[in-house]
Structures are given as C-alpha cells and as structure tokens.
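**Student:** Okay, structure incoming, though there's no sequence with it:
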C-alpha cells in the first residue's frame, strides 16, 4: 500500500493550494460534480445552496437537459430546489467532459458495481479518471466519493491522473471522502451528515476539509485515503452483518411460532447495548449489498478470508429464495397448487420505502424467482411507473406499475409486500385477496390482521 505521504510540495504547489483555499473560502471556487445521480445531485444542490458555482457532468444528454430544465429527477428532492439552483445562475449540467478543466474542485460520484463474478468493477471510476486527466491542470482538487476498496484513490485514481505528467501533491491535490447519502431520509440530508475525509498529503486534506466544511455540519479527518475508504466499508458492513443476523433470527423464531418484529420492538426499549435492525426480503440499494464484497475481494490480497462477512452475505442473498418458498407454501394451502399458474401482485419494487430507486432491489429478484417457478407477476409502486434496465434483470425492463384497484386485485391470487411504501391502501389489499405475504410487517403496523396474512 502506498505511503500516506505524497510528493513533497513545491513553492508553486503551496501557492496553488493557498489560492484554491482562498477561492473556497470566498465561494468563487467552481465545483465540478461528475455523475448526476442519487449522490451527485444532492451534492451539487448543497454546493449551490452554499454559494458555490457548480458544473455538473453526466454522460446522459437527456438527463442533462432535464436537469437544466429544472427537474430534480429524484423523487425525494423537489423540483423547486433544482429550479432555484438553475435560476441562481450557479448551476449548469453538461455532457461535455472537455469542460472539466473549468472546475477548481472535481468530485467523482460514479457507480462502483460488482461484476457477475461479484468482484469490484471500477470501470466507471477509471474512465472518469482518464477523462479528468485529459483536462487536468495545476491547482485542481480531485475528490473520489464512490464507495470502493481501501487503496483505490492512490493505487487506481492517482496513477491515471499522474499519466498526464502532473503529480499529486505537487501540481494537483487528491482526496477521498465517502458519500453518506440516505435517499428519502428527511432527518439527515446531505448537509446534516458529517463528512469523513482522507487526503493524499496535508495540502489535499486541508483543501478537502475546507470545501466540505463549507457544506456540512461537521468534518472528520483521518490519516489517509485508505482509512477513509475503510470507514465507508465498515459502516455498510456493520449494517449488512446485523441485517443478516435478524434475517436468521426471523427464520429461527418463525419456526418457533414467535414474531421477530414483536421481539425487536420489545428489545429496542433497552436504553443501552441494543440497536434495532429489521429483517426483509433481501438487501437493496447500491451500498449494503455490494460494499462487503469490495473488502472480501481486497482481503484476499493479504491472504485473509473474511468468513464472518461472507456468511452474512450468504444469509442475505438467500432471503429472496426463502420468501418465495414461503409464498409457494402459503399458496399451496390456499389454492392447492403453489406458484405454478398463480398471478402475484408485488407491492413495491424500490429498494426501500418512499424512494424511486430500484438499484439492487430484492423485489426484482423476487419477480424473477416467482416467474421461474411458473407464476406471473404484476407490480404496483407509486414511485416506479416503469422498470428501468438493470444488469441483473434486463428482461424486466419496461414493465409498468399497475393500478391498485378492484380490477387488478380480482385478477390476482396473492399479494407480496416487498417494499412498504407509505400511502398504499394495504387494507384494501388484505380485504380483497385470499393471501397477502408481508415481508416488511407493513400490515401489522397498520393494524391489519387476518388468517390470509402471512409474514415472511
């Protein structure tokens, strides 16, 4: 792993750093945000609202046009915020990556998915770094926000940028600050979440801290980009492992006739030593299903087997299969022939409630599993009018949300609650269908019970 000390800064580098620091402090530094999605858009808006001019980059020209037209493109962010950003004259989106040289601060917010072999896919990060390298100029600060394995900033991004002939810490400045977005969380917006920062040298750390310190309530500096990269993985592995634990407890307690949600609600009344996590039909979102595998992959370089993390992954990956087994068994009791020929209404296909994000959503896996066993699925989701194309489930692209009405319900044999959006008429569903399989405890929270309701 590289040393935490970058090349010794020259007098010119010192002057460049001071000039950029002054520009950050007076809000004249131009911020370039690469990747205008669930991370990049909130960051761009927060920067604009704090007084920075922002140039947003995205490869999707249609997306760029819509953003410049004042659409936020994210359900939990009102269009009014984007319209105000555009009207202020401080925000512009573009698909012209040759303009990256105009930015004083360049922030990388691109996806870091897994390959089909569940290995890190850094192709978006590497391509972005190459694009930055083509217009890189002295005095720029480059920050990677994408979640990745410890070492990526200095082992992958830095060499690509230095191929330009410029050196980190001498000509430009490089840092890592992991995104911590929680889509749909009204309590913790971008500006309310502390930022962890690791710099490739003291100058980079100082500059990154100054920038993020202007945006968020608190900054937390660590000794290196590697430490900052490990922070993000640790946060999400913590969640993945604890969700796996409650998923396993759900299976055990169900066999004993015990309601795991009742147990968790009682346990969380203890004011210390317990933190509630809740079971579900599988993991979703870009981070929690993916991040643990970034560390397990990197650990192999050091001849370390991450058994605990991998076991958690196995448990969480198995949950959609367990849910479909429970659905099939319940259908067999109700209609006598399981899933074959059954019409199932899947309620919610977003990966979490009240957002319009289907990344890694377990609902898509559930649909594939059900239809592989002879069933047919319709879905209803007020946030997802049509399913986008995904790597893992390309055949589902274009399917549209059906209305939640008498006609839809009368054609279905069962409903499967995969995502517990607010505002769904669960009482109507429970009243009209002979079977409702609930993976989120949504009906119980709404005070709905009945012999036709099965928790899974």
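**Tutor:** All right, it came through fine. On a predicted model such as this, the values are computed, not experimentally measured, just so you know.

**Student:** Can you tell me what sits against the strand or helix carrying residue 363?
**Tutor:** Taking DSSP states H and E as the definition, residue 363 sits inside helix 362-372. Outside helix 362-372, the residues that touch it by Cβ atoms under 8 Å, 6 or more residues apart in numbering are 280-284, 319-321, 323-324, 327, 339, 344, 346, 348-351, 358, 376-377, 379, 387, 390, 392-393, 396, 416, 418-419. Where you see a C-beta, it was placed from the backbone N, CA and C, and this is true even at glycine.

**Student:** now do 7 Å
**Tutor:** Residues outside helix 362-372 that contact it (Cβ atoms under 7 Å, 6 or more residues apart in numbering): 281-284, 319-321, 323-324, 339, 344, 346, 348-349, 358, 377, 390, 393, 396, 416, 418-419.

**Student:** Show me which residues of that helix are buried.
**Tutor:** For helix 362-372, the buried set under the neighbour-count rule, 16 or more other Cβ atoms under 10 Å, comprises 362, 363, 364, 365, 366, 367, 368, 369, 370.

**Student:** Stretch 108-127 too?
**Tutor:** Of all the residues in stretch 108-127, those buried under the rule 16+ other Cβ under 10 Å are 108, 109, 110, 111, 112, 114, 120, 121, 122, 124, 125.

**Student:** Return the distance of it from the chain's centre.
**Tutor:** Put simply, stretch 108-127 sits 13 Å off its chain's centre (Cα atoms, centre = their mean, to the nearest Å).

**Student:** Ends of it, what's the gap?
**Tutor:** End-to-end distance for stretch 108-127: 11 Å, by Cα to Cα, to the nearest Å.

**Student:** Run through the neighbouring helices and strands of the helix ranked longest in the chain.
**Tutor:** If you go by DSSP state H, the chain has its longest helix at helix 225-255. Packing partners of helix 225-255 (3 or more Cβ pairs under 7 Å, 6 or more residues apart in numbering; DSSP states H and E): strand 173-176, strand 195-199, helix 260-267, helix 291-299, helix 307-335.

**Student:** Between helix 307-335 and the helix holding residue 363, find me the angle.
**Tutor:** 50 degrees (axes from the mean of the first three to the mean of the last three Cα atoms, to 10 degrees).

**Student:** who touches the spatially most central residue of the chain in this structure?
**Tutor:** Nearest residue to the geometric centre of the chain (Cα atoms, centre = their mean): residue 286, 3.5 Å. Counting by Cβ under 7 Å, 6+ apart, residue 286 makes contact with 111, 359, 360.

**Student:** burial measure for the last one, as a count.
**Tutor:** Looking back up the chat, that one is residue 360. 22 (other Cβ atoms under 10 Å).

**Student:** ok now do it, which residues does it touch?
**Tutor:** Counting by Cβ under 7 Å, 6+ apart, residue 360 touches 283, 284, 285, 286, 289, 290, 351.

**Student:** before we move on, what about residue 408?
**Tutor:** 345, 378, 402.

**Student:** correct me, but residue 277 touches residue 240?
**Tutor:** No: counting by Cβ atoms under 7 Å, residue 277 sits too far from residue 240 to count as a contact (10.0 Å).

**Student:** These two: which has the busier surroundings?
**Tutor:** residue 240 (24 against 19).

**Student:** Hmm, residue 424 and residue 446 touching each other?
**Tutor:** No: using Cβ under 7 Å as the test, residue 446 is too far from residue 424 to be in contact (9.3 Å).

**Student:** for the helix or strand harbouring residue 132, packing partners?
**Tutor:** Here residue 132 sits within helix 123-135, counting by DSSP H and E. Packing partners of helix 123-135 (3+ Cβ pairs under 7 Å, 6+ apart): strand 105-108, helix 158-162.

**Student:** How far off centre is that helix?
**Tutor:** The chain centre lies 21 Å from the centre of helix 123-135; the measure is Cα atoms, centre = their mean.

**Student:** Contacts for it next, please.
**Tutor:** Contacts for helix 123-135 (Cβ under 7 Å, 6+ apart): 34, 97-98, 100-101, 106, 108, 110-112, 142, 146, 148, 156-157, 160-161, 163-164.

**Student:** any idea which of the contacts of residue 360 is closest to residue 437?
**Tutor:** residue 284 (17.6 Å; Cβ to Cβ).

**Student:** Against residue 426, how distant is the closest one?
**Tutor:** To residue 426, residue 284 is 20 Å away according to Cβ to Cβ, to the nearest Å.

**Student:** same question, residue 108
**Tutor:** 41 Å.

**Student:** what's the answer for residue 456, then?
**Tutor:** According to Cβ to Cβ, residue 456 and residue 426 sit 15 Å apart.

**Student:** same deal with residue 387?
**Tutor:** For residue 387 relative to residue 426 (Cβ to Cβ), the value is 22 Å.

**Student:** which ones are touching residue 414?
**Tutor:** 327, 331, 342, 344, 433, 435, 436, 437.

**Student:** Pick out whichever of those sits closest to residue 89.
**Tutor:** residue 344 (50.3 Å).

**Student:** backbone phi and psi for that closest one, please?
**Tutor:** Phi and psi for residue 344, reported as degrees, to the nearest 10, are phi -110, psi 130.

**Student:** same thing with residue 279?
**Tutor:** Dihedral angles (degrees, to the nearest 10) for residue 279: phi -70, psi 170.

**Student:** Mind picking the two most distant members of the contacts of residue 414?
**Tutor:** The widest separation within the contacts of residue 414 (Cβ to Cβ) is 13.5 Å, between 342 and 436.

**Student:** No further queries at this time; thank you.
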